[in-house]
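K.L.:
Sequence first, then the predicted structure:
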Amino acid sequence: QVQLVESGGGLVQAGGSLRLSCAASRHTGSRDTMGWFRQAPGKERVFVAALSWYDGRTYYADSVKGRFTISGDNADNTVYLKMNSLAPEDTAIYYCAASSRLGVRMVNDYNYWGQGTQVTVSS
């Protein structure tokens with residue numbers, strides 16, 4: 001079992017920044033991927049960004065490219081999501097997730113999920 005604990009959400013004005021953190025209890029395997037997803041009220045959970053521990057590659061949804069950056073500290077199994085130029089449409093609950101598969105971006109490919117952290121962007 002892998003436990004994931006997110007932190008760093010909050011309320012920010014449009015144009016502002018936030019950094020989310022996700023601490024994992026352990027890796028899921030040698031080719032695991034850590035991802036961030038978000039879910040706005042009344043909408044499906046969608047992919048935001050992912051980091052492959054195996055080769056360091058990063059993946060982003062088109063809606064956040066150039067504004068969000070995913071990074072990680074392999075030594076302590078922590079992944080970060082730095083969010084810049086936030087807009088009201090970024091308002092959602094942000095979830096950290098872990099997958100034993102390499103470079104995946106679909107919700108169903110992830111085995112473990114955190115409890116989520118609320119991000120609210122005011123206009």
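P.N.:
All right, it came through fine.
K.L.:
Grab the most central residue of the chain for me.
P.N.:
The centre of the chain sits closest to Trp36, judged by C-alpha atoms, centre = their mean, with a distance of 2.0 Å.
K.L.:
Could you measure from it over to Asp55?
P.N.:
Distance, Trp36 to Asp55, using C-beta to C-beta, to the nearest Å: 18 Å. C-beta coordinates here come from the backbone N, C-alpha and C atoms, glycine included.
K.L.:
Give me the pLDDT for the closest residue to Ser7 other than its chain neighbours.
P.N.:
Leaving aside its chain neighbours, Ser7 sits nearest to Ser21 (5.0 Å; criterion: C-beta to C-beta, 6 or more residues apart in numbering). Looking at Ser21, its pLDDT is 97.
K.L.:
tell me which element Ser21 falls in.
P.N.:
Assigned by DSSP states H and E, Ser21 falls within strand 18-24.
K.L.:
Quick one: distance of that strand to the chain centre.
P.N.:
The chain centre lies 8 Å from the centre of strand 18-24; the measure is C-alpha atoms, centre = their mean, to the nearest Å.
K.L.:
Could you do stretch 6-15 as well?
P.N.:
Mean C-alpha position of stretch 6-15 versus that of the full chain (C-alpha atoms, centre = their mean) differs by 13 Å.
K.L.:
sorry, back to before: for the strand holding Ser21, name the packing helices and strands.
P.N.:
Packing partners of strand 18-24 (3 or more C-beta pairs under 8 Å, 6 or more residues apart in numbering; DSSP states H and E): strand 4-7, strand 33-39, strand 78-83, strand 92-99, strand 117-122.
K.L.:
Among those strands, which comes closest to Thr69?
P.N.:
When the helices and strands packed on strand 18-24 are compared by C-beta to C-beta, strand 78-83 sits nearest Thr69, at 4.5 Å.
K.L.:
what comes up buried for that closest one?
P.N.:
By 16 or more other C-beta atoms under 10 Å, the buried positions in strand 78-83 come out as 78-81, 83.
K.L.:
which one among these gets closest to Ala49?
P.N.:
Using C-beta to C-beta, Leu81 is the member of the buried residues of strand 78-83 that lies nearest Ala49, at 6.2 Å.
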